[in-house]
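A.B. asks: Sharing a model prediction with you, sequence too.
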Amino acid sequence: MNRIALGFALMLTLTAAHAGGDAKAGQELAKSKACVTCHGEQGNKPSAPDQPVLAGQYQDYLMRALMDYKSGRRTNPIMKGFAAQLSSKEIEDLTAWFSSQKDTSLHNQR
């Protein structure tokens, strides 16, 4: 395994190992940080087709996405602005909330 692949695997393992957070605090953060405006109260009702459903996603995936927006590895001007303001604890709490919700969006109704 090359060093890049090994480093990436280690990073994912560490992220997953530290996933935790307080879902109830995340619910309140989602309201105060305006996440619900675009993604819906439980993260399953995006306000536009280009906004993802967050409900039911793996917590480590959501954490990685927010950290990537924060660092600039993922590019979206709106998300970069929101993510830049979040602490690691807030990211854990938000992702605990959204990952614990059921995806009831239309794309999941097949």
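C.D. replies: All right, it came through fine.
A.B. asks: how about low-confidence regions in the protein?
C.D. replies: 1, 3, 5-19, 106-110 (pLDDT under 70).
A.B. asks: can you give me the helices for it?
C.D. replies: Residue ranges of the helices in the chain, as given by DSSP state H, are 3-18, 23-32, 35-39, 59-71, 77-84, 88-99.
A.B. asks: Tell me which of those helices sits nearest to residue 105.
C.D. replies: The minimum distance between residue 105 and the helices of the chain falls on helix 35-39, with 10.2 Å, by CB to CB. C-beta: built from backbone N, CA, C; applies to glycine.
A.B. asks: Just the C-alphas of that closest one, formatted as CSV.
C.D. replies: This file holds the C-alpha atoms of helix 35-39, laid out as CSV (Å, rounded to 0.1, in the frame of the first residue of the first chain):
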residue,chain,number,x,y,z
CYS,A,35,-28.6,24.3,8.4
VAL,A,36,-32.3,23.7,8.5
THR,A,37,-32.9,26.5,6.0
CYS,A,38,-31.4,24.5,3.1
HIS,A,39,-31.5,20.9,4.4
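A.B. asks: Who's the closest spatial neighbour of residue 51, skipping the chain neighbours?
C.D. replies: Closest residue in space to residue 51, ignoring its immediate chain neighbours: residue 38 at 5.0 Å, by CB to CB, 6 or more residues apart in numbering.
A.B. asks: re earlier: most tightly surrounded among the helices of the chain?
C.D. replies: helix 88-99 (a mean of 22; mean count of other CB atoms under 10 Å).
A.B. asks: So which elements touch it?
C.D. replies: The helices and strands touching helix 88-99, judged by 3 or more CB pairs under 8 Å, 6 or more residues apart in numbering; DSSP states H and E, are helix 23-32, helix 35-39, helix 59-71.
A.B. asks: Any chance of CSV for these, columns distance to residue 50?
C.D. replies: Output for the helices and strands packed on helix 88-99, formatted as CSV (distance: least, CB to CB, whole Å):
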stretch, distance to residue 50
helix 23-32, 19
helix 35-39, 10
helix 59-71, 15
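A.B. asks: right, and these - which one's nearest residue 101?
C.D. replies: Comparing these by CB to CB, helix 23-32 comes nearest, at 8.8 Å.
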